[in-house]
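> can't give you the sequence, but here's the structure:
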């Protein structure tokens with residue numbers, strides 16, 4: 001799907017590692033925070049040449065050197081993953 005590795009917790013996948021870059025889960029409640037941190041969304045090119053944008057944003061640079069900042073962003077990602085999981089619980093794959 002995206003050519004990377006998923007990072008899972010009890011809430012499901014909350015991060016992906018793609019070529020050494022860490023991208024964390026975002027949702028409607030947290031997207032603005034990531035954008036304000038000048039983070040960028042994870043994108044990849046589909047087979048048909050179309051650009052796909054996933055709901056993961058790059059870990060802000062300052063979080064790599066500061067454990068508290070890293071904990072903050074990972075916490076937001078895990079909360080987003082939990083909200084997404086609670087909304088999709090009980091749905092069959094591919095069904096709205």
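Thanks, I have the structure now. From a predicted model like this one, the values you see are computed outputs, not experimental measurements.
> buried stuff in whatever helix or strand residue 83 lives in?
Using DSSP states H and E, residue 83 maps to helix 67-88. Residues of helix 67-88 classed as buried: 69-70, 73-74, 76-84 (neighbour count, 16 or more other Cβ atoms under 10 Å). In this view, the C-beta of every residue, glycine as well, is placed from N, C-alpha and C.
> And that helix, what does it pack against?
Packing contacts for helix 67-88, counted by 3 or more Cβ pairs under 8 Å, 6 or more residues apart in numbering; DSSP states H and E, involve strand 12-18, strand 21-25.
> cutoff 10 Å now
Helices and strands touching helix 67-88, by 3 or more Cβ pairs under 10 Å, 6 or more residues apart in numbering; DSSP states H and E, are strand 5-9, strand 12-18, strand 21-25, helix 31-36, strand 51-58.
> Note down every partner strand of the first one and its orientation.
Here the strand partners of strand 5-9, with direction, are listed using DSSP bridges: strand 12-18 (antiparallel).
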